[in-house]
Each structure stands twice: as structure tokens, then as C-alpha cells.
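Student: take this sequence and fold it.
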Amino acid sequence: MGLDYTLYQVFDEANLTLAGEFVFDSRPLTGPITFFDHDAFVGARLAFNDVSSTELNAGALIDVLDGSTFGTVEASRRLGEHWRITASANLFFGRPGKLQTSFVRDNFGQLRVAYFF
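Tutor: As a prediction, the model looks like this:
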């Protein structure tokens, strides 16, 4: 169950889309172990609507029972007609002793420059 809402022309010509969703696993407790059983997702997308297609996306999946959080952020922009630069990061915040803490050392960031022809 989720929703999203777009605010138009928030910063001059930019559009801001806000998203929220609740993830609920109704399988019995004897089912397979999953991280996504009682979680909430919140996210935002800021599209500048400029010639360079500049965008900023961010989101987080939060376990409402223990506060463990997976987060992501990405920014991208075209450079001329053939190039695009993208910076992104995935982060995990969790409490020690939980199954999800196996991801704590898997945080990463990436800078990508791509050429399209």
C-alpha cells in the first residue's frame, strides 16, 4: 500500500515527487525469513526540468519494529549531447545483533561517467 504526490514548480521549474509505502508480509511465522515484513518506504525525486535533465533521487526503507534502515541517494545530469554523470550511494543503518547488520559493511558509493553514441 503506498502513495505518491508531485509538487509542480517548487524551485522555479523543478518538480518534487514525494512517495511513501508500507510493506507488510502476511505469511505465517513459519514462512521463510525476510527483511521486509513490517517496513515503510519514504522517498523523493527532484527533477529540475532543465536542458541537462538534472535529477536528485533519495529513498529509505525503514523497519518500523527495530529502526533498521536501507537508504539510497542518486544525482545525475547530462553533460552535452553524449555524456551523463551520475553519483550514487547505498547506505545501511542498523542495530547490532540483528540479521540485517550483515549489510553494515556493504555501504558503497559510485561515480559514473557514461558516453552515449
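
Student: ok, and the closest non-adjacent residue to the most centrally placed residue in the chain?
Tutor: The chain has Gly59 as the residue nearest its centroid, 2.9 Å off, counting by C-alpha atoms, centre = their mean. The spatially closest residue to Gly59, leaving aside those adjacent along the chain, is Gly43, at 3.1 Å (C-beta to C-beta, 6 or more residues apart in numbering). Just so you know, the C-beta spots here come from the backbone N, C-alpha and C atoms, and that holds for glycine as well.

Student: also Thr86?
Tutor: Ser76 (4.2 Å).

Student: isn't the one you found up against Leu111?
Tutor: No - in this structure, Ser76 is not within contact of Leu111 by C-beta atoms under 8 Å, at 10.9 Å.

Student: who's more crowded, those two?
Tutor: Ser76 (17 against 9; other C-beta atoms under 10 Å).

Student: show me what contacts the more buried one?
Tutor: Neighbouring residues of Ser76 by C-beta atoms under 8 Å, 6 or more residues apart in numbering: Ser53, Thr54, Glu55, Arg84, Ile85, Thr86, Ala87.

Student: distance check, the third one against Phe36.
Tutor: In this case it means Glu55. To Phe36, Glu55 is 26 Å away according to C-beta to C-beta, to the nearest Å.
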